[in-house]
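Visitor: Just need the structure, nothing else, for what follows:
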Amino acid sequence: MTSLDFAVDREIDLNDLDGFWSQPEEAIAASFAWLRRNDPVRFFEEPRYRMIADRPGYWAITRYADVTHISKHPELFQSGKGIGIPNQPPQFDENFSSMIAMDDPRHAHMRRVVAGGFTPRMLAKLEAVVQSVASEIVDEVGPTGGCDFVTDIAAALPLRIVCDLMGIPDSLYTHVFDQTNIILGAGDPEFVPPGKSRIDAVMAAGNALNEVMVDLAKVRRAHPTDDLTSTLLQAEVEGERLSDAELGSFFNLLVAAGNETTRNAIAWGLVLLTQHPEQRQIWQNDFEVVAPTAVDEIVRFASPVVHFRRTVTQDTEVGGQPVKAGDKVVMWYNSANRDDSEFDSPDTFDVRRTPNHHVGFGGPGPHFCLGAHLARREITVMFRELFNRIGDIEATTEPQRLRSNFIHGIKHVDCAFTPTA
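Guide: Reported below is the predicted structural model:
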């Protein structure tokens with residue numbers, strides 16, 4: 001029986017974290033391949049969530065062409081009603097969504113403000129910081145000969161960069177890291193123990209991060225610097241300055257989008273390079289030339305963000321399937337990134353793949369990831385440091401995957417290498 005036969009023989013339930021999402025990676029990929037070929041716009045009922053009575057269900061969009069179509073047409077598929085599958089309580093969206101769940105014109109205004117923190121001058125400064133932090137991380141782990149690659153290496157780099165970008169002091173790194181794990185790992189008992197309310201835990205973590213930003217905003221209003229917090233405080237959106245609540249919501253988004261996704265790309269990168277030593281050798285033999293395609297291939301293959309939702313604004317169709325105003329459409333990026341109508345041999349990991357128009361940073365359109373350039377840079381610099389200084393590093397255990405259908409995450413994976421002096 002092939003993996004595709006296996007997918008056809010059982011019910012596909014994209015809501016089932018303990019069944020469907022606990023399968024081997026190959027079985028999950030095979031299920032999405034079956035959907036793309038046989039039922040590319042399938043309707044799913046929603047599971048019951050505490051505090052959420054409205055469960056209208058959603059259309060699962062699994063083909064590349066349909067995902068990119070939705071991304072390019074925000075007038076038909078809006079973000080402002082939420083980007084997660086369930087309709088969240090209003091306070092949840094206020095705390096966590098920021099501009100990623102806004103529509104124009106407010107989205108465009110907010111994006112322009114945030115873009116002020118990614119000027120060439122700021123990016124040049126950040127690239128120097130990325131190099132310095134990556135070097136420090138290898139300094140710390142090098143003599144050990146082995147560590148938990150996720151917590152000690154993959155997570156450490158983007159967390160420090162995000163905190164540096166916003167001006168968060170070093171003393172709060174661990175606090176920010178712990179709250180981020182709760183927010184994006186709320187479906188996993190390692191971060192929210194059974195019996196504890198998932199929504200309560202997430203809201204408490206979000207409030208804790210909000211407090212970090214409120215305290216920092218007080219300081220930056222009196223003593224502005226060149227960090228992104230100061231830029232946001234001095235900017236206006238539709239003639240108004242950002243409130244503390246809006247600033248906190250943006251920080252919650254940034255630590256999720258700028259920390260969690262990059263750390264999982266780096267973590268999956270090591271796993272993939274360990275599983276495909278011939279691809280690792282190709283990259284190591286000509287690092288700078290291969291790096292741009294290798295990094296994008298890691299992001300495509302890993303798809304750290306699994307899905308985002310849009311809400312239909314008027315009756316239309318997707319992939320030939322009629323959808324009505326108010327319907328939810330959920331774009332499965334992991335599936336689009338394995339669509340053989342767009343990618344040759346999509347299940348093959350190829351560090352020299354070109355072209356590679358993946359949707360690992362979101363589809364084309366107004367919500368394409370603003371930090372994609374920085375994320376690519378962080379991944380490149382981290383692997384350059386690893387290859388140059390502990391070049392035989394490899395994963396030595398199976399990755400412990402996050403229990404989630406939103407983040408394709410690795411919680412822990414051990415690695416080993418020859419210790420440095």
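Visitor: can you count the residues close to Gly326?
Guide: By other CB atoms under 10 Å, 12 other residues sit near Gly326. Where C-beta positions appear, they are placed from N, C-alpha and C, glycine not excepted.
Visitor: and the residue nearest the centre of the chain, how far is that from Arg221?
Guide: Nearest residue to the geometric centre of the chain (CA atoms, centre = their mean): Thr261, 3.2 Å. Thr261 is 30 Å from Arg221, where distance means CB to CB, to the nearest Å.
Visitor: Now Pro193: which helix or strand?
Guide: Using DSSP states H and E, Pro193 maps to neither a helix nor a strand.
Visitor: residue ranges with poor pLDDT in the stretch 1-150 of the chain?
Guide: 1-10, 49-55, 90-97, 116-117 (pLDDT under 70).
Visitor: can you rerun that using 90?
Guide: Low-confidence segments of the stretch 1-150 of the chain (pLDDT under 90): 1-11, 47-56, 86-102, 105-128.
Visitor: So which residues of the stretch 51-200 of the chain form strands?
Guide: 58-61, 77-78, 146-148 (DSSP state E, counting those that start in this stretch).
Visitor: now swap in the stretch 301-421 of the chain and tell me
Guide: 307-312, 316-318, 321-323, 328-332, 394-395, 400-401, 410-412, 414-416.
Visitor: For Ala205, list the residues it contacts.
Guide: 178-180, 182-183 (CB atoms under 8 Å, 6 or more residues apart in numbering).
Visitor: Mind doing that once more with 6 Å?
Guide: When contacts are counted by CB atoms under 6 Å, 6 or more residues apart in numbering, Ala205 touches 179, 182-183.
Visitor: And for Leu216?
Guide: Thr229.
Visitor: What average pLDDT does the helix or strand hosting it get?
Guide: Assigned by DSSP H and E, Leu216 belongs to helix 198-222. Throughout helix 198-222, pLDDT has a mean value of 89.
Visitor: and after that helix, which helix or strand comes next?
Guide: helix 228-234.
Visitor: If you count contacts, what does that following helix end up packed against?
Guide: For helix 228-234, the packing partners by 3 or more CB pairs under 6 Å, 6 or more residues apart in numbering; DSSP states H and E come out as helix 156-166, helix 198-222.
Visitor: would a markdown table of the ones you listed with distance to Asn388 be doable?
Guide: A markdown table is the format used below for those (distance: least, CB to CB, whole Å):
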| stretch | distance to Asn388 |
| --- | --- |
| helix 156-166 | 15 |
| helix 198-222 | 35 |
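Visitor: Just name the most buried of the ones you listed.
Guide: Mean neighbour count (mean count of other CB atoms under 10 Å) peaks for helix 156-166 among the helices and strands packed on helix 228-234, with a mean of 23.
Visitor: thinking in terms of the whole chain, how far from its middle is that helix?
Guide: From the chain centre to the centre of helix 156-166 is a distance of 15 Å (CA atoms, centre = their mean, to the nearest Å).
Visitor: again, but for stretch 362-372
Guide: With CA atoms, centre = their mean, you get 12 Å for stretch 362-372.
Visitor: Could you pull up the mean pLDDT of it?
Guide: For stretch 362-372, the per-residue pLDDT averages 92.
Visitor: what sits up against it?
Guide: 67-68, 71-72, 74, 258, 361.
Visitor: Who wins on neighbours among these?
Guide: Neighbour max across the contacts of stretch 362-372 (other CB under 10 Å) = Val67, 29 neighbours.
Visitor: Does that residue touch Ser335 like I think?
Guide: No: counting by CB atoms under 6 Å, Val67 does not reach Ser335; the two are 8.0 Å apart.
Visitor: Just name the most buried of the strands of the stretch 51-200 of the chain.
Guide: Comparing those by mean count of other CB under 10 Å gives strand 58-61 as most buried, with a mean of 25.
Visitor: Quick check: neighbours of that one in the sheet, parallel or antiparallel?
Guide: Strand 58-61 has the following strand partners under DSSP bridges: strand 41-44 (antiparallel), strand 328-332 (parallel).
Visitor: Centre of the chain to it, how far?
Guide: 20 Å.
Visitor: One more: stretch 296-305?
Guide: 10 Å.
Visitor: Touching it from outside, list them.
Guide: Against stretch 296-305 from outside (CB under 6 Å, 6+ apart): 261, 264-265, 268-269, 333-334, 337, 349, 351, 353, 356, 358, 360, 408.
Visitor: can you rerun that using 8 Å?
Guide: Against stretch 296-305 from outside (CB under 8 Å, 6+ apart): 260-262, 264-265, 268-269, 272, 333-334, 337, 343, 349-351, 353, 356, 358, 360-362, 375-376, 379, 406-409.
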